[in-house]
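[1] no sequence on this one, just coordinates:
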């Protein structure tokens with residue numbers, strides 16, 4: 001019975017907003033700490049991390065494009081050699097699978113982070 005009473009009255013302690021009630025937010029606003037930019041263009045840490053993720057995804061896209069062009073050129077210059085043509089097909093297939101894995105990992109992480117926040 002005492003555990004039930006403890007749990008029923010403990011929710012009032014969770015209602016305290018430390019940042020607003022302690023004056024920390026107003027102090028940070030006055031000193032300019034809430035308006036700092038991270039990674040040159042973002043307004044928050046989340047925006048800065050998003051900029052880094054988008055830069056890495058752009059790099060992955062460029063690597064995919066380079067591998068795709070390399071595989072295509074390798075396939076065109078095979079001149080009927082089946083082993084070279086198969087190697088070129090493997091390069092193209094592996095680059096497409098790698099891009100799909102990266103994009104799925106990004107989509108899953110965005111979904112999980114969105115559901116947690």
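    Nice, I can see it. All figures in this text were calculated on a predicted structure; none of them were measured in a lab.
[2] okay, CA-based contacts and neighbour counts for the rest of this
    Will do.
[3] longest helix of this protein, counting residues only.
    Ranked by number of residues, the top helix in the chain under DSSP state H is helix 82-116.
[4] so for that helix, mean pLDDT?
    Average pLDDT, helix 82-116: 89.
[5] what is that helix packed up against?
    helix 45-76 (3 or more Cα pairs under 8 Å, 6 or more residues apart in numbering; DSSP states H and E).
[6] between the helix it packs on and helix 82-116, how big is the angle?
    If you take axes from the mean of the first three to the mean of the last three Cα atoms, to 10 degrees, helix 45-76 sits at 170 degrees to helix 82-116.
[7] circling back: now the longest helix of the chain: buried residues?
    84, 85, 88, 89, 91, 92, 95, 99 (16 or more other Cα atoms under 10 Å).
[8] ok, now how distant is the fifth one from residue 59?
    Residue 91 is 18 Å from residue 59, where distance means Cα to Cα, to the nearest Å.
[9] next: the second one.
    Distance of residue 85 to residue 59, computed by Cα to Cα: 27 Å.
[10] what of the fourth one?
    From residue 89 over to residue 59 the distance is 22 Å, taken as Cα to Cα.
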